[in-house]
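Asks: Prediction below, plus the sequence it came from.
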Amino acid sequence: MCLIARFMRFFFHHFYHTFAWTYDFVSTVVSIGRWQDWIKTVLPFTHGTRILEVGFGPGHLQRILLDRKLFAAGIDESPQMARLAKSRLDSSANLTRGLAQSLPFPAQTFDTIVSTFPAEYIFDPRTLSDAYRVLNNGGRLIVLPFAWIVGKNTLDRAAAWLFRITGETPQNVLGVINQRAVHPLEQVGFKVEIQQVEVRSSVVLIVIAQKR
């Protein structure tokens, strides 16, 4: 594993745990204020009324789903993120601390599973197999793994440079998704589609996997 990859793994572990309280600030800065818009791009791809969010983080998408009167549930491994989310949401939130590789839900419980900017666990074969199990027939697993900035102003160029040094360029990203996501998803039984959505001088990559 290259030095940058090791550093990024170390960084994101502490970002989601020890320094979870900085999540909103850092996400806003590195995305030049686009983070919330990026997260919302998954909404048109969701299916049905029972939605599970894997890796709910500070709870922003949970808030949106609940405001839309959907049945929303969430699971996250980080106790720090769980505290942040619970402080943002009311008692109607259905949040669970646990691992995506072992979802504590009965078979065919959800219409959609959604995950925005998850760590590499999301394409673990155990995660994909359990996601397939808890989805209804025809249900969808929606993953937003990457976004990159393509704007030309000074701030956009600086942000794009940061994304390049961490390996998150369109060419690298698409190669990673094809290698680590598409084939494993198809092996589990999903039908896979990749969408690129343009948002405010940026591009969001969305993986749509439908249970056959």
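Replies: Cool, got the structure. Numbering: from 1, shown residues only.

Asks: where do the strands sit along this structure?
Replies: 50-54, 71-76, 94-97, 110-116, 135-149, 190-198, 202-211 (DSSP state E).

Asks: Nearest to Pro104, out of those?
Replies: Closest of these to Pro104 is strand 94-97, at 6.3 Å (criterion: CB to CB). From N, CA and C alone the C-beta is placed, and that goes for glycine too.

Asks: May I have the closest one as PDB, with CA atoms only?
Replies: Provided in PDB are the C-alpha atoms of strand 94-97 (Å, rounded to 0.1, in the frame of the first residue of the first chain):
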ATOM      1  CA  ASN A  94     -34.000   4.800  14.300                       C
ATOM      2  CA  LEU A  95     -30.300   4.700  14.700                       C
ATOM      3  CA  THR A  96     -28.200   1.600  15.500                       C
ATOM      4  CA  ARG A  97     -24.500   1.200  16.200                       C
END
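
Asks: Quick check: which ranges of this structure have low pLDDT?
Replies: 1-19, 151-173 (pLDDT under 70).

Asks: Mind jotting down where the helices sit in it?
Replies: Secondary structure of the chain (DSSP state H): helices at 3-16, 23-30, 35-40, 60-67, 79-88, 125-134, 154-165, 170-177, 183-188.

Asks: For Gln196, name its beta-bridge partners.
Replies: Applying DSSP bridges to Gln196 yields these beta-bridge partners: Leu205.

Asks: Turn the strands of the chain into TSV, including mean neighbour count and distance to Gln36.
Replies: Conversion of the strands of the chain to TSV gives the following (neighbours: other CB atoms under 10 Å; distance: least, CB to CB, whole Å):
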stretch	mean neighbour count	distance to Gln36
strand 50-54	24	15
strand 71-76	23	17
strand 94-97	15	20
strand 110-116	25	11
strand 135-149	21	12
strand 190-198	15	14
strand 202-211	21	12
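
Asks: Let me have these in TSV, extended by distance to Ile64.
Replies: TSV is the format used below for the strands of the chain (distance: least, CB to CB, whole Å):
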stretch	distance to Ile64
strand 50-54	10
strand 71-76	9
strand 94-97	15
strand 110-116	11
strand 135-149	14
strand 190-198	16
strand 202-211	16
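
Asks: Quick one, which of the ones you listed gets closest to Thr127.
Replies: strand 50-54 (7.7 Å).
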